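> no sequence on this one, just coordinates:
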């Protein structure tokens, strides 16, 4: 019970101090909206339904990693994260509490292009329960990747710079806008090691019906990636900040 109380209070504090600030709310709306409009302008003859899976994945990826880079590094420089590590709560509870707000923020970002697309195309055939689960798993894996970067940096600009080293290559390696079949053969193994590849594919299957991988495989790989990234994140925090 004490763990859940600590979890809720950390989450509530992060939402109040970071995610409910007007600049962050506006950024969470403007960023995916601008990418949606940019893709429509770039491909005026393209279908918004074909673009939607990539836009959702990208909105989640950038929303989670950017906000986590701010929250973790800011609290690390202000010494407040160290106080959390000294609190009588489990390390796993603390990590989950710190990424929970980021996950919610990323899911909020994800549905901005969905709401826009709902006015332009018919989305009644979409299985919204399966889509919500896919967005949640993408947000979890993206948040944990952002956490790995954040625990390795001491300043916000360092975390953002390091994040760009994996975010922008992922745009081209995960099938967001370039099909995996069109990638060079030597790059495809890298693509299949990235959790966003499976998240994008399952979203494409749910929205357009043109997935290339099994939905069960995609969900399973996302779940395994989340578990692996969570374990690595705990190890990195324990090694860098505790021992």
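It's in. In this text the structure is predicted, and so the values were computed from the model without any measurement.

> average model confidence for stretch 61-75?
Across stretch 61-75, the average pLDDT comes to 76.

> and that stretch, how far from the chain's centre?
10 Å (CA atoms, centre = their mean, to the nearest Å).

> Let the chain start at 42 from now.
I'll keep to 42 as the first residue from here, and by that count the last item is stretch 102-116.

> and the longest helix along the chain, which residues are buried?
Counting by DSSP state H, the longest helix found in the chain is helix 89-118. Within helix 89-118, the residues that count as buried by 16 or more other CB atoms under 10 Å are 89-117. C-beta coordinates here come from the backbone N, C-alpha and C atoms, glycine included.

> phi, psi of residue 220?
Torsion angles at residue 220 (phi, psi; degrees, to the nearest 10) stand at phi -60, psi 140.

> residues near it, how many?
11 (other CB atoms under 10 Å).

> In which helix or strand does residue 219 reside?
Assigned by DSSP states H and E, residue 219 falls within no helix or strand.

> Give me the three-state assignment for the spatially closest residue to it that is not a sequence neighbour.
Distances taken as CB to CB, 6 or more residues apart in numbering place residue 213 nearest to residue 219, at 5.7 Å, with adjacent residues excluded. Counting by DSSP: H, G, I helix; E, B strand; the rest coil, the backbone at residue 213 sits in helix.

> burial count for residue 213?
13.

> What pLDDT does the model give it?
So residue 213 comes in at 82 (pLDDT).

> Next: the one 3 residues further on.
Residue 216 carries a pLDDT score of 80 in this model.

> Hmm, it is touching residue 238, no?
Yes - between residue 216 and residue 238 there is a contact at 5.8 Å, judged by CB atoms under 8 Å.

> Helices of this structure, residue ranges please.
Going by DSSP H, the chain shows helices at 43-55, 63-83, 89-118, 121-127, 132-159, 169-191, 197-214, 229-232, 236-248, 256-278.

> possible to save those helices as a markdown table with distance to residue 222?
Converted to a markdown table, those look like this (distance: least, CB to CB, whole Å):
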| stretch | distance to residue 222 |
| --- | --- |
| helix 43-55 | 41 |
| helix 63-83 | 20 |
| helix 89-118 | 15 |
| helix 121-127 | 43 |
| helix 132-159 | 25 |
| helix 169-191 | 21 |
| helix 197-214 | 13 |
| helix 229-232 | 9 |
| helix 236-248 | 12 |
| helix 256-278 | 17 |
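
> right, so these: which one is the most enclosed?
Comparing those by mean neighbour count (mean count of other CB atoms under 10 Å), helix 236-248 ranks first with a mean of 26.

> rewinding a little: give me the common contacts of residue 216 and residue 238.
Residues touching both residue 216 and residue 238 by CB atoms under 8 Å, 6 or more residues apart in numbering: residue 232.

> give me the low-pLDDT residue ranges for the protein?
Filtered on pLDDT under 70, the chain yields the residue ranges 42-44, 62-70, 72-74, 76-77, 80-87, 115-129, 194-198, 281-284.

> change it to 50
The model of the chain has pLDDT under 50 over residues 283-284.
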